[in-house]
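Engineer: structure of the sequence below:
(one chain, ligands or ions: 1)
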Amino acid sequence: MRDRWPEVVAAAKRVVADCPSLCQSACVDCLLHFRNSYYHRHLNRHTALDRLEEWGETLDFTHDIPPRLPTPTAEEVPVNDPELTLRAMLVRAGLHGFQPQRSIDLGRPLGATTPDFFYEPRNDAYEGLCIYLDGMGRHLHGRPETRERDRDIREGLRNRGYEVVEIQFGQLTDPDAMRQHFFRIGRFLLGKDAAQRIRDDSSWYGAPVVETEQASEG
Ligand SMILES: [Zn+2]
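Structural biologist: Numbering: from 1, shown residues only. As a prediction, this is how the structure comes out:
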C-alpha cells in the first residue's frame, strides 16, 4: 500500500467521484458496504473526495504502528491470517477440541454449511457449536443474497439444536468483543465458572505464552 500509495489514492478518488448512481452522499454503488454498516450515516462521498484532494498522494513517516494482535512465535501462525489468529486464541484460552472446516448437511433447501470451527456437543442439550468468522473471504456478506442465505443457514442450525457463534473479522482486534464471544464458547464447552474465568482473564488475547515460561511457572 505504502509503495503504491498514489495508485491507492487514485482508486479511492474513482470510487467516490464516479458513483454510477450519482448519489447525494453515499449508496451501495459507492461507499456503503455490509462491513461498514455501523458507520453508514456518517459516510459522504463528496466530503471524502474533498479530503482526498486536500491530503494529496504523498505519505510521510510519523511513527511506528504498535501491534494490536498477538505476535506469532516460531511455531505459531501469521497474524495476518484471521482464521489462524482465531485458532491461536482458542488454543491459548484452553478451548481445545475444535474441528476446522467440518461440513454439516442441513438437507434441502439449505444444503451444507462449513463453520470455520466446530465443537462436538459436550452434553445432550446441543448438537454442537459452530463458529463462523465473518466479514472476509467466502463469508464476506457483501451481497444481500449471500447474507440472507447465511442467515437462513444459521437460523436452521439453531433450530436443529446447534449453538452458533458469529465473529466479525474486525472483532479480532477488539478485546471486549472477543471476551464476550469466548465467554459464550467457554460456557458451551466448560460451563459458566470456567467461561467467566476466560472472560475475566484475557491473557489468551495478548502475546502468546512461550513454552519455557510456562514450564518455569509450573
Ligand atoms: Zn453512490
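
Engineer: going forward, measure contacts between C-alpha atoms and count neighbours the same way
Structural biologist: OK.

Engineer: what ranges in the chain fall below the confidence cut-off?
Structural biologist: Within the chain, the ranges that satisfy pLDDT under 70 run 68-80, 136-145, 206-218.

Engineer: please, where are all the helices along it?
Structural biologist: Ranges of helices in the chain, per DSSP state H, are 5-17, 45-55, 82-92, 144-159, 175-190, 192-200, 211-217.

Engineer: can you check which of those helices gets nearest to residue 105?
Structural biologist: Distance to residue 105, taken as Cα to Cα, is lowest for helix 144-159 among the helices of the chain, at 9.9 Å.

Engineer: just checking, what packs against the closest one?
Structural biologist: strand 162-168 (3 or more Cα pairs under 8 Å, 6 or more residues apart in numbering; DSSP states H and E).

Engineer: who touches the strand it packs on?
Structural biologist: Residues from elsewhere that reach strand 162-168 (Cα atoms under 8 Å, 6 or more residues apart in numbering): 126-135, 154, 157-158, 181, 184-185.

Engineer: so which residues on this structure come close to the ion?
Structural biologist: Proximity of the chain to the ion (Cα under 5 Å from the ion) is limited to residues 19, 23, 26, 27, 29, 30.

Engineer: can you count the residues close to residue 204?
Structural biologist: Residue 204 has 19 neighbours, counted by other Cα atoms under 10 Å.

Engineer: kindly apply the preceding question to residue 42 instead.
Structural biologist: Using other Cα under 10 Å: residue 42 sits among 9 other residues.

Engineer: residue closest to the middle of the chain?
Structural biologist: residue 169 (1.3 Å; Cα atoms, centre = their mean).

Engineer: could you chop this protein up by domain?
Structural biologist: Recorded structural domains for the chain (assignment: automatic domain parsing) are 5-55, 82-207.

Engineer: same list (the helices of the chain) but as CSV, adding mean neighbour count.
Structural biologist: Formatted as CSV, these follow (neighbours: other Cα atoms under 10 Å):
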stretch, mean neighbour count
helix 5-17, 16
helix 45-55, 14
helix 82-92, 18
helix 144-159, 14
helix 175-190, 19
helix 192-200, 17
helix 211-217, 8
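
Engineer: make CSV from these and add distance to residue 107 to it.
Structural biologist: Shown next, in CSV, are those (distance: least, Cα to Cα, whole Å):
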stretch, distance to residue 107
helix 5-17, 41
helix 45-55, 44
helix 82-92, 27
helix 144-159, 10
helix 175-190, 25
helix 192-200, 33
helix 211-217, 45
